[in-house]
Structure formats: structure tokens, C-alpha cells
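no sequence on this one, just coordinates:
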Ligand SMILES: [Zn+2]
């Protein structure tokens, strides 16, 4: 079971100084900043998934890449761009969620092939159109009477037509990458139908799209339905699905890979599960920067808060945590300094219990990853991209270990 990390240009600056919060003046983001696979001795994933939409943007929405980055990506290819070793696999897709609101995918099969082939991907996914909805009950309704929106059927047809054209053009152009066809559906039977069609076209690798929001039992039902039509040589990729606990079960049902960004995203998007350990997750300690916090600044401007006083609390909070990490300050004092700042930046919140827990447990000190070893308590501070992304990188390491453990000794529920 291979884990692909979906790229969104999340990198960290190795010159960032956590004590002074400054960077080296000579730092050039593109040259010096590091990807997760460059931060750790062992990359915390088996491959990277790069969306064409992320690199090129499409129509109205721009990608995450600057013009210079985009040009370099096309010129050097995906492997050189990511400075990745041959052991990391590269997979490309079109980024169907970026155009989910459009009537028809804005990318042609030949444009997708140009991207995968020119940038030398190992594998490339056909152009698809996401179906936003799931109605398993339609499988038991009478044909012709089933309550299925016309738009869903239309999107499945578009996805299958484009997959057919994509594979035909791959053969005609004698591409070097491995093509994957996408199955989109709204129920177990409709996914199985799509897989059957894709196999008839000649696909041996099939990506299952539109499952991001599905609960695990629903995904399992789809995989079971697919099993009834799947050839023994056909393998499946789950697009945007992270279910570590069921990795073995997924594997038994033909899934050989999946992709996700959620271990990284949760570090700074989640309301509670910010820092992973093998046993549990922790809330990161919020120490917002005044400069990066519009609400706080507005309250200072309006005269509700005194800037000097807020600054003093912020600095005392940060200093206290560092001192606590070096065991030069007691937990109670450090915690009180955190809470006195919290009472100013989020007066309605009270994280005293969860913060005490994480400070007592010191999970960063027990972690053997390169990030925790190097920056200590800073990894658990919710403060600025350099800390938040490093915490996400740490989460990738933990997630990847959990996945390996699960595949060796599955936890049966
Ligand atoms: Zn760590």
C-alpha cells in the first residue's frame, strides 16, 4: 500500500531562527526551502501527487505555483523540481476539484498527456469530472425509477468518455507514463459499473474519485461492489482518502495506493487534532503573532487593548514556553503565562485543561523525528507557517509509521 503526498507547495525555511523569528537574508525560497522528503532522512511517503491545476491553474483560478515555478516545473520535469530521489514515485492528476463547479472539464486529454509526458511523471490520471453526492439507496431502486440526478449520470459519462479518449491518445502517442482511468459514481453499483467500463477500455490501474467526503463504511461498500467486477490484475488508487485504520482491509479489496494531505493540513486547520503521536493527538498551543492576527489588531486600533501590554503578554508567553522546555520554569507558571495571553487574544476560550495535558506529557521530547529533535517545544506552538508546517511534516512521519504498523499488524475492529 503506497501513500502519495498531494503537493501544495508546502515547504519550510531551514534558515528560520525560532528564538529570534528571523530568516537568513540570503535565503531564496525556491532554492533553500525544503520539502518534507528533504527534511527527514527517510521520506514520510512513497510518492508525490501533483495536480496540473496546482501547477498551471486553470482559467479563472490560478495555481499555487508562480510563473517562474511553473516554467521551471515544465522545463526540468517533476523529479528534478521536487529534488526527489528515484525511490519516490510521481503521479499526476488534473485536480478535478478545482473545476468541479464548471459545466465541463477545462482540460483536454491531450493537454493532460502533454503535462504528464513533458514533466516525466511515472503515472498520470485521466481527465475526470467529480460527482458531488452519494445515494447508495439508488442501487436497490428499480431501473428507470431510481432517484439519480441527470447531472450525476452526465458527469459519469463525461468521465468515462474522457478516460477512453485519454487511453486511446496515450497509445497513439506511445507515452512512457502509466495511465490511470478514473471511476466516478454515486453508489456502490455505479462505481462498479464505471470500473467495469474502464477495464473494458483496457485500464489496469483505476483511480476512484469523489470519495473524499465518504465515511469509511460507504467506501468499503463501494470497494466490495467493485470486487465483484474487478479483474485480478486491476489495482485501485483512492483519490484524497486517508483511512489508516482500514489500510489492510482496503488492500484486500484491491487498493494499492492512496493520496492525502490531511496529516499536514490538520496541523494548522483542525480545531483539536494538531499534533500526532502513535497513540493519540494533541491540540497545539495557540500563541498568535499580533502582526498576523487581524482581530487582535482591530481591537488594538479601536483602543480596546493596549498594544504594549498585548506585546508584553505575547513575549512572556513565548519565553515561558521555551524556558519550560529547557526545564527552567515550572509547568504552572508557564501555563499561567499561556493562559493570560489567551484571555487577551481569545477571551471566550479556555484551553487550560488541554494545554496542561500537552505540557505535562511533553510529546515533542519523546518524538525521534528530525523536526522535534531540532526545534523542541516550537513544534507544538500554533504560531506562524514555519512552526505550523513543521508540525504538519512531523504528522506525516507519524502517519506513515502508523500506516506501516497497520499493514504489518492490522487492528481489527
Ligand atoms: Zn516529531
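Ah, there it is. Keep in mind the model is a prediction, meaning the values are calculated, not measured.

so how many other residues sit close to residue 376?
17 (other C-beta atoms under 10 Å). C-beta here means a position set from N, CA and C on the backbone, and glycine is covered the same way.

for it, list the residues it contacts.
With contacts defined as C-beta atoms under 8 Å, 6 or more residues apart in numbering, the neighbours of residue 376 are 325, 364-365.

now do the same contact list for residue 38.
Under the contact definition (C-beta under 8 Å, 6+ apart), the residues listed for residue 38 are residue 83.

helix or strand: which one has it?
When elements are defined using DSSP states H and E, residue 38 is found to belong to helix 36-39.

circling back: need the buried ones from the contacts of residue 376 selected in PyMOL.
Typed into PyMOL, the line below selects the buried ones among the contacts of residue 376, using 16 or more other C-beta atoms under 10 Å:
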select buried, resi 325+364
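
from the contacts of residue 376, pick the one nearest residue 49.
Of all the contacts of residue 376, residue 364 has the smallest distance to residue 49: 28.8 Å, by C-beta to C-beta.

check which helix or strand covers the nearest residue to that closest one once chain neighbours are set aside.
Spatial nearest neighbour of residue 364, chain neighbours left out: residue 372 (4.5 Å); criterion: C-beta to C-beta, 6 or more residues apart in numbering. When secondary structure is defined by DSSP H and E, residue 372 falls within helix 370-375.

and that helix, what does it pack onto?
With contacts defined as 3 or more C-beta pairs under 8 Å, 6 or more residues apart in numbering; DSSP states H and E, the secondary structure elements packing on helix 370-375 are helix 384-408.

which positions in the helix it packs on come out as buried?
Judged by neighbour count using 16+ other C-beta under 10 Å, the buried positions of helix 384-408 are 384, 386-403, 406.

count the neighbours of residue 285 for me.
The tally of other residues near residue 285 (other C-beta under 10 Å) stands at 23.

okay, now residue 4: neighbour count?
As a burial measure, the neighbour count of residue 4 was computed by other C-beta under 10 Å and equals 25.

for the stretch 1-150 of the chain, what are the low-confidence residue spans?
Counting by pLDDT under 70, the ranges of the stretch 1-150 of the chain that qualify are 58-62.

taking it, what residue is nearest to the ion?
Evaluated by C-beta to the ion, the stretch 1-150 of the chain has residue 40 as its residue closest to the ion, separated by 9.5 Å.

all helices of the stretch 51-200 of the chain, in order?
Counting by DSSP state H, counting those that start in this stretch, the stretch 51-200 of the chain forms helices over residues 52-56, 67-76, 78-81, 109-118, 150-172, 188-201, given from the N-terminal end onward.

helix or strand right after the last one?
So the one you mean is helix 188-201. strand 205-208.

wait, which of the contacts of residue 376 is closest to residue 6?
residue 364 (25.8 Å).

show me what contacts the closest one?
275, 372, 376-377, 379-380.

so it, which state does it fall into?
The assignment at residue 364 comes out as helix when based on DSSP: H, G, I helix; E, B strand; the rest coil.

from residue 325, how far out is it?
Residue 364 is 8 Å from residue 325, where distance means C-beta to C-beta, to the nearest Å.

quick check: neighbours shared by the two?
Between them, residue 364 and residue 325 share these contacting residues under C-beta under 8 Å, 6+ apart: 376-377.

just give me the neighbour total for residue 279.
Other residues lying near residue 279 total 8 when counted by other C-beta under 10 Å.

an error on my part: the question was meant for residue 300.
18.

show me what contacts it?
Taking C-beta under 8 Å, 6+ apart as the definition, contacts of residue 300 comprise 290, 306-307, 310.

which of these sit farthest apart?
In the contacts of residue 300, the most distant members under the criterion C-beta to C-beta are 290 and 306, with 11.7 Å between them.

comparing these two, which shows the higher neighbour count?
The neighbour count for residue 290 versus residue 306, taken as other C-beta under 10 Å, is higher for residue 290 (15 against 11).

do a quick rundown of the strands in the stretch 1-150 of the chain.
Assigned by DSSP state E, counting those that start in this stretch, the stretch 1-150 of the chain shows strands spanning 2-6, 47-51, 89-93, 123-125.

I'd like those as JSON lines, with distance to the ion appended.
Output for those, formatted as JSON lines (distance: least, C-beta to the ion, whole Å):
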{"stretch": "strand 2-6", "distance to the ion": "16"}
{"stretch": "strand 47-51", "distance to the ion": "21"}
{"stretch": "strand 89-93", "distance to the ion": "24"}
{"stretch": "strand 123-125", "distance to the ion": "30"}
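
distance from the host helix or strand of residue 309 to the middle of the chain?
If you go by DSSP H and E, residue 309 is part of helix 307-325. Once both centres are worked out by C-alpha atoms, centre = their mean, to the nearest Å, helix 307-325 turns out to sit 32 Å from its chain's centre.

for it, what is the average pLDDT?
Per-region confidence: helix 307-325 scores 97 on mean pLDDT.

report the buried residues of it.
Counting neighbours by 16+ other C-beta under 10 Å, helix 307-325 gives 310, 313-314, 316-318, 320-325 as buried.

packing partners of it?
helix 294-301, helix 331-345.

to residue 244, which of these lies closest?
Nearest of the helices and strands packed on helix 307-325 to residue 244, taken as C-beta to C-beta: helix 331-345 at 31.0 Å.

list the contacts for the residue in the chain sticking out farthest from the centre?
Here the chain has its C-alpha centre computed as a mean, and the residue farthest from that point, by C-alpha atoms, centre = their mean, is residue 303 with 40.2 Å. Contacts for residue 303 (C-beta under 8 Å, 6+ apart) come out as none.

quick one, phi/psi of it?
phi 90, psi 0 (degrees, to the nearest 10).

could you do residue 24 as well?
For residue 24, the backbone dihedrals (degrees, to the nearest 10) come out as phi -70, psi 140.
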